[in-house]
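# Attaching a predicted model along with its sequence, questions to come.
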Amino acid sequence: MGSSDLKAQTYFFDQFPDVWKRSMSNSRELAEAMPANLYDYKPTPEAMSFGDQILHIASNISYLTATINGERKSFFEKEDSQSLDKDSIIEILDAANNYVLELIKETEKSQLDEEIVFANENMTKENIFYLLRGHQTHHRGQCLVYLRLNGIKAPGYVGW
């Protein structure tokens with residue numbers, strides 16, 4: 001086994017927890033930047049509101065982590081989503097992201113290597129962790145546009 005193979009095997013355990021923590025921090029800063037009275041802002045009628053974007057991140061965490069550990073953890077009741085305020089939504093985001101962080105720490109190498117079929121693709125459970133990060137980054141990008149459309153300075157981005 002070459003040194004690059006060994007690096008790939010240890011990256012997840014050595015570096016990904018810190019990568020996830022930065023992602024958590026970026027998401028929280030973005031969620032905090034939008035004033036509470038604009039959490040229902042939508043740039044178009046068919047778009048999700050800013051608050052819905054944040055809740056969608058949490059819902060997706062519930063969905064994707066279930067493919068890793070078989071447990072579908074719910075962070076909020078969808079029927080209550082319209083009554084949630086900014087602080088509640090940020091608490092939900094934090095809870096969902098902390099859940100992923102704990103799952104990262106608890107997952108064994110053998111679990112990461114398990115092959116699954118997801119969206120008609122063969123992949124390992126490790127790939128689901130990267131999908132979690134990519135999905136959150138995608139919706140953070142949408143939220144960043146919402147901030148800018150409202151003249152609000154977006155927090156700086158740290159991508160490593």
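Cool, the structure landed. Please read all numbers here as calculations on a predicted model, not as lab measurements.
# Quick one: residues contacting the residue minimising distance to the centre of the chain.
Central residue of the chain (Cα atoms, centre = their mean): Gln136, 3.8 Å from the mean position. Gln136 sits next to Ser23, Ser27, Ile57, Asn60, Ile61 when contact means Cβ atoms under 8 Å, 6 or more residues apart in numbering. The C-beta positions use only the backbone N, C-alpha and C, and glycine is treated the same way.
# Just among these, which is most surrounded?
Ile57 (25 neighbours; other Cβ atoms under 10 Å).
# Quick check: that residue touching Ala95?
No: between Ile57 and Ala95 there is no contact under Cβ atoms under 8 Å: 11.5 Å.
# returning to what we had before: quick one: the residue nearest to the centre of the chain from Lys73, how far?
Using Cβ to Cβ, to the nearest Å, Gln136 is found at 16 Å from Lys73.
# With Met48 instead?
Distance of Met48 to Lys73, given as Cβ to Cβ: 21 Å.
# and what of Asp85?
To Lys73, Asp85 is 22 Å away according to Cβ to Cβ.
# If you count surrounding residues, which of those two has more?
Neighbour count, other Cβ under 10 Å: between Asp85 and Lys73, Lys73 has more, with 15 against 11.
# element containing the more buried one, please.
Taking DSSP states H and E as the definition, Lys73 sits outside all helices and strands.
# Excluding covalently adjacent residues, which one is nearest to it?
Of all residues not flanking Lys73 in the chain, Ser62 sits nearest, at 5.5 Å (Cβ to Cβ, 6 or more residues apart in numbering).
# now swap in Ala58 and tell me
In this structure, Ala58 finds its nearest non-sequential neighbour in Ala96, 3.9 Å apart by Cβ to Cβ, 6+ apart.
# quick one: contacts for that neighbour?
Ile57, Ala58, Ile61, Ser62, Phe75.
# could you dump those to TSV with pLDDT, secondary structure and distance to Phe16?
Shown next, in TSV, are the contacts of Ala96 (pLDDT from 0 to 100; DSSP: H, G, I helix; E, B strand; the rest coil; distance: Cβ to Cβ, whole Å):
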residue	pLDDT	secondary structure	distance to Phe16
Ile57	98	helix	18
Ala58	97	helix	20
Ile61	98	helix	15
Ser62	97	helix	20
Phe75	96	coil	21
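# out of these, who's nearest Leu103?
Distance to Leu103 across these (Cβ to Cβ) is lowest for Ile61, with 9.4 Å.
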